[in-house]
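K.L.:
Provided below are the primary sequence and the corresponding predicted coordinates.
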Amino acid sequence: QVQIVESGGGLVQPGGSLRLSCAASGFTADGYAIGWFRQAPGKEREGVSCISVPDGTTHYADSVKGRFTISRDNHNNTVYLHINSLNPEDTAVYYCGAKRETDPLYDYWGRGTQVTVSS
């Protein structure tokens, strides 16, 4: 059974940093990808970054390049999203999704972790 659990969100002041964690378990596929998404109030869910678990290839949305860094710890089946220079527009629920690398859509989702940027 596949399980995805996010953690690390919270209330942060503008300019601060956070590290979000995505613990994934139960995969039997040889290769899968983990993606981070976010959904702000009143907006659609948007993808911000993803990583190939086998080889570490990463992708970022243009809106977060330079501030977001995705990384993986295969030993602990965890993917991290480091966020720097947080601003109020980053306020959202951040979700972690997982899929087989050959699949076009994410099949598995966590419940999300809230990030609030406010002074």
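P.N.:
Okay, I see it.
K.L.:
the nearest residue to Ser7 once chain neighbours are set aside sits in which helix or strand?
P.N.:
Spatially, and ignoring its direct neighbours in sequence, Ser7 is nearest to Ser21 (4.9 Å; Cβ to Cβ, 6 or more residues apart in numbering). For the C-beta atoms, the positions are set from N, CA and C on the backbone; glycine is no exception. Ser21 is part of strand 18-25, with elements assigned from DSSP states H and E.
K.L.:
okay, the angle between the helix or strand just after that strand and strand 18-25?
P.N.:
Scanning forward in sequence from strand 18-25 by DSSP H and E, the next helix or strand is strand 32-39. On the basis of axes from the mean of the first three to the mean of the last three Cα atoms, to 10 degrees, strand 32-39 is oriented at 130 degrees to strand 18-25.
K.L.:
what strands flank strand 32-39, and is each parallel or antiparallel?
P.N.:
Strand pairing for strand 32-39, using DSSP bridges, gives strand 46-52 (antiparallel), strand 92-100 (antiparallel).
K.L.:
just the CA coordinates of that strand, formatted as PDB?
P.N.:
What follows is strand 32-39 as a C-alpha-only set of coordinates in PDB (Å, rounded to 0.1, in the frame of the first residue of the first chain):
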ATOM      1  CA  TYR A  32       9.100   6.600  -9.800                       C
ATOM      2  CA  ALA A  33       8.900  10.400  -9.500                       C
ATOM      3  CA  ILE A  34       7.900  12.600  -6.600                       C
ATOM      4  CA  GLY A  35       6.400  16.000  -7.300                       C
ATOM      5  CA  TRP A  36       5.600  18.900  -5.000                       C
ATOM      6  CA  PHE A  37       2.500  20.900  -5.700                       C
ATOM      7  CA  ARG A  38       0.700  23.800  -3.900                       C
ATOM      8  CA  GLN A  39      -2.700  25.200  -3.700                       C
END
